[in-house]
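Engineer: Got a sequence here, can you build the structure:
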Amino acid sequence: MPTLISYLTRSKWCAIAATAITLLALIPQLHFWISRGSQWHGAYTVLEPDELLYSAYVNALIDGRPRRNDPVSGRDDHQQAPLPESVFSIQFVPSFVIAFLARAFGSSASTSFIVLRTMSGLLTSLSVFWLLYLVLRDSRVASLGVLVVLCFGALAGGQGLIGLMFKPDTKFLGLPFLRVYEPSAPMPLFFVFCGLIWQGLTVESRRVITITSSLAGLVLALLIFSYFYLWTAALAWFVCVGCLWSIMRANGKRRLIWITLVVGALAGLALWPYAHLLAKLPAAATKAQVMTFTHSPDLLRTPEILGAGVLVALAVSIRKKKMSWNEGRVIFAFSFALLPFLIFNQQVVTGRSIQPFHYEVFIANYAVLIGLIIVVGVFQAKLTRSFSVLVIIFCLTWGLVEIGLAIHARSDLNARFDEMVPLLRHLEAQAKVDGTWNGLRNDGKVPGLVFSSELRLSGLLPTWAPQGSLLATGSGSFQTVTEAQSKQRLYTHFYYSNKSAEYLRELLNDQTDDHFAAYYAKSVIFGPERVVAFLGEKILPIGNLEIEQEVDAYGSFAKWFSQEQVTAHPLNYAVVPANADFDFSNIDRWYERDLGERVGTYYLYRLKQR
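Structural biologist: The predicted model follows:
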């Protein structure tokens, strides 16, 4: 009976934490459904801009397109036109699983992302609970730890509410681990890996040690093909805990060597094809991913500051003999607190750093909070029910505030996205008769692109329909459109929109109310590393002379626009908002345009080259 009671108690606390986090994950979509009411057309709530690229890639896989594809520009890997590898085609495990399930249940990419965000909340909370319970053997502390770790992840990463208060370049609101599908889909695997390593280091049975080590190796292999920042963090943590364990528990070296051999062998089997795929990345990928070449240490990120606090608390407690330095739980707390220092300073040795803010927001922050909870769990006496309730209320209140900020920041844009869905569904249906699918299958590219006077529509298009867009928003991530081609596409878009050189000057000088257009234009023309401060180590300001050179270049481009530019990026469709007074004169100069049809809040025109 005691065993049954303890099991039910453990399950109860686990259920409380998992239910709370799952509901927090679902709140943005619930709010969206309520606000849209009967006008909802099927869009998922986009909380981070990169989610549009992820849903575009998943939609392409749902449609049966190959692993190497570029949904934004309308290209597929084809014998006559092979495509290079990309971060999407290499990190394919989450997208393949999502697409497989979507096809099995007949759901769209948008519906899949709604389900995925909810399931990520559930599975991540369960994996964190499992890890904390294995280490602490206290279901109540593990449950409260789940809430602290997942609700305060944004704070521990210097983002969210605390970021808005102190950092003008804050970009991540809400609960960062819920960004779909990276890192939300593979996130639970990181904590499962840590839990399996704990079991391997602490159980007595040799058979169980081998089984858990093998499972840990398989999980790490899955992470390798899932998300770069998670598998490298997992590997760094494993090295850290291994070194600490060998130093602090010398009698466990033989066990540790065996675990390392098993995990290393399985991870090595995955790393060999992974390295082969990486070698096929085009040279431009280094710039697209904003790799920084530096040996400078990086010691002042928020997870490092928190990690330093945990390390100090551990050191003081050990010195006062309140805990033993060679206890397994203490070693694990040390390893999680040290992890941020490893991953933010590996460039001191390697000389290379790739967008380290991903570590800061998506894993180092959660790891250091895990370490904090372990320290608290080692110290704590029996937690009272009233104290536990207060912690739950505080965590959920903070989580609701973080989620509320994300909802408020994106509500108007998500409503605009949802209004685009009827048009995009219509384009999806037209793909069967307009030559899109024949072009992709026979030539590896669509025969014509979609021009939209609204830049945001180009970003959402590939989540719903296979036609490529003229702007090819986000094509840099797929490595199929060069920087020069992206700039030419942008200038062509401005030309068809009858935009003057003065308009471009205003965009590049931020003298416009359309901040997204200004950001996008500067990113395409000068590179995102010169626009988004947190991408690189130092940002090189855009000078007036550079701006004037680009303004002159566009003026010349528009003046001498010719059939060559039309042929380079042929259009099949033009889309404009129904309430917009759009000047078609430049489009009509090169295309015959039908009378158009109204679909939702947009007009869709079919184009044919003159």
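Engineer: can you tell me how far the residue nearest in space to the middle of the chain sits from residue 477?
Structural biologist: For the chain, residue 182 is the residue whose C-alpha lies nearest the centre (Cα atoms, centre = their mean; 3.7 Å). Going from residue 182 to residue 477 by Cβ to Cβ, to the nearest Å gives 11 Å. Using the backbone N, CA and C atoms, a C-beta is placed for each residue, glycine as well.
Engineer: Likewise for residue 379?
Structural biologist: According to Cβ to Cβ, residue 379 and residue 477 sit 45 Å apart.
Engineer: who's more crowded, the two?
Structural biologist: Using other Cβ atoms under 10 Å, the more surrounded residue of residue 379 and residue 477 is residue 477, with 19 against 11.
Engineer: List the residues that contact residue 138.
Structural biologist: Taking Cβ atoms under 8 Å, 6 or more residues apart in numbering as the criterion, residue 138 is in contact with 377, 380.
Engineer: can you do 10 Å?
Structural biologist: 10, 13, 132, 144, 145, 377, 380, 382, 383 (Cβ atoms under 10 Å, 6 or more residues apart in numbering).
Engineer: what ranges do the strands span in the chain?
Structural biologist: For the chain, the strands defined by DSSP state E cover 69-70, 75-76, 291-293, 352-354, 449-452, 571-577, 591-593, 597-599, 602-609.
Engineer: Can you name every helix or strand that the last one contacts?
Structural biologist: For strand 602-609, the packing partners by 3 or more Cβ pairs under 10 Å, 6 or more residues apart in numbering; DSSP states H and E come out as helix 385-430, strand 449-452, helix 563-568, strand 571-577, helix 585-590, strand 591-593, strand 597-599.
Engineer: these two touch, right, residue 218 and residue 196?
Structural biologist: Yes: the pair residue 218 and residue 196 passes the contact test of Cβ atoms under 10 Å, sitting 9.3 Å apart.
Engineer: tell me, what's touching the two both at once?
Structural biologist: Going by Cβ under 10 Å, 6+ apart, residues that sit against residue 218 and also against residue 196 are residue 263.
Engineer: Name the nearest residue to the residue nearest to the centre of the chain, sequence neighbours excluded.
Structural biologist: Of all residues beyond its chain neighbours, the one nearest residue 182 is residue 227 (5.1 Å), with distances taken as Cβ to Cβ, 6 or more residues apart in numbering.
Engineer: That neighbour against residue 187, yeah?
Structural biologist: Yes: if you go by Cβ under 10 Å, residue 227 and residue 187 touch, sitting 8.3 Å apart.
Engineer: list the residues that contact both of the two?
Structural biologist: Residues touching both residue 227 and residue 187 by Cβ under 10 Å, 6+ apart: 94, 181, 362, 363.
Engineer: Surely the third one touches residue 156?
Structural biologist: No: between residue 362 and residue 156 there is no contact, the gap being 11.2 Å when judged by Cβ under 10 Å.
Engineer: So the two - more neighbours on which side?
Structural biologist: residue 156 (27 against 24).
Engineer: so the more buried one makes contact with residue 172?
Structural biologist: No: counting by Cβ under 10 Å, residue 156 stays clear of residue 172, with 11.8 Å between them.
Engineer: Between those two, which contacts overlap?
Structural biologist: 360, 361.
Engineer: Where does pLDDT dip in the protein?
Structural biologist: 1-10, 168-169, 284-290, 381, 533-538 (pLDDT under 70).
Engineer: what's the neighbour count on residue 524?
Structural biologist: Residue 524, neighbours per other Cβ under 10 Å, totals 23.
Engineer: related to what we said a few turns ago, need the strands of the chain in CSV (columns: mean neighbour count and distance to residue 554).
Structural biologist: Listed next are those as CSV, based on neighbours: other Cβ atoms under 10 Å; distance: least, Cβ to Cβ, whole Å:
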stretch, mean neighbour count, distance to residue 554
strand 69-70, 29, 25
strand 75-76, 25, 26
strand 291-293, 15, 29
strand 352-354, 17, 32
strand 449-452, 26, 17
strand 571-577, 22, 19
strand 591-593, 16, 21
strand 597-599, 13, 31
strand 602-609, 18, 23
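Engineer: Nearest to residue 19 among those would be which one?
Structural biologist: In terms of Cβ to Cβ, the element of the strands of the chain nearest to residue 19 is strand 352-354, at 36.6 Å.
Engineer: Adjacent strands (with direction) for the closest one?
Structural biologist: strand 291-293 (antiparallel) (DSSP bridges).
Engineer: Quick one: distance of the partner strand to the chain centre.
Structural biologist: Strand 291-293 sits 20 Å away from the centroid of its parent chain (Cα atoms, centre = their mean, to the nearest Å).
Engineer: Quick check, residue 384 in contact with residue 144.
Structural biologist: No: judged on Cβ under 10 Å, residue 384 makes no contact with residue 144 at a distance of 11.9 Å.
Engineer: which one of those two has more residues nearby?
Structural biologist: Shown here are residue 384 and residue 144; by other Cβ under 10 Å, residue 144 has more neighbours (25 against 10).
Engineer: pretty sure that one is in contact with residue 383, am I right?
Structural biologist: Yes: using Cβ under 10 Å, residue 144 is in contact with residue 383, at 7.4 Å.
Engineer: Let me see the contact set for residue 123.
Structural biologist: Remark: with contacts taken as Cβ under 10 Å, 6+ apart, residue 123 is in contact with 18, 21, 22, 116, 184, 185, 187, 188, 189, 191, 192.
Engineer: and the gap between the third one and residue 118?
Structural biologist: Counting by Cβ to Cβ, the gap from residue 22 to residue 118 is 6 Å.
Engineer: now do the last one
Structural biologist: Noted for residue 192: a distance of 19 Å to residue 118, by Cβ to Cβ.
Engineer: Restricting to C-alpha, output stretch 540-558 in CSV.
Structural biologist: Extracted in CSV, the C-alpha atoms of stretch 540-558 (Å, rounded to 0.1, in the frame of the first residue of the first chain):
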residue,chain,number,x,y,z
LEU,A,540,28.7,47.5,-38.2
PRO,A,541,26.5,50.6,-38.7
ILE,A,542,25.0,51.3,-42.1
GLY,A,543,26.5,54.5,-43.4
ASN,A,544,24.9,57.3,-45.4
LEU,A,545,27.2,56.7,-48.3
GLU,A,546,26.2,53.0,-48.5
ILE,A,547,22.6,54.0,-48.4
GLU,A,548,23.0,56.5,-51.2
GLN,A,549,24.9,53.9,-53.3
GLU,A,550,22.0,51.5,-53.0
VAL,A,551,19.4,54.2,-53.7
ASP,A,552,21.3,55.0,-56.9
ALA,A,553,21.6,51.3,-57.8
TYR,A,554,17.8,50.8,-57.4
GLY,A,555,17.1,54.0,-59.4
SER,A,556,19.3,52.7,-62.3
PHE,A,557,17.6,49.2,-62.0
ALA,A,558,14.1,50.7,-62.3
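Engineer: tell me which residues of that stretch are tucked away?
Structural biologist: Of the residues in stretch 540-558, 542, 547, 550, 551, 554, 555, 557, 558 count as buried by neighbour count, 16 or more other Cβ atoms under 10 Å.
Engineer: ditto for stretch 167-174
Structural biologist: Going by neighbour count (16+ other Cβ under 10 Å), the buried part of stretch 167-174 is 170, 172, 173, 174.
Engineer: ok so, going back, which of residue 192 and residue 118 has more residues huddled nearby?
Structural biologist: Neighbours per residue (other Cβ under 10 Å) separate residue 192 from residue 118, with residue 192 holding more: 22 against 18.
Engineer: circling back to that earlier point, switch the shared contacts of residue 227 and residue 187 over to JSON lines; also include distance to residue 339.
Structural biologist: Formatted as JSON lines, the shared contacts of residue 227 and residue 187 follow (distance: Cβ to Cβ, whole Å):
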{"residue": "94", "distance to residue 339": "22"}
{"residue": "181", "distance to residue 339": "23"}
{"residue": "362", "distance to residue 339": "13"}
{"residue": "363", "distance to residue 339": "8"}
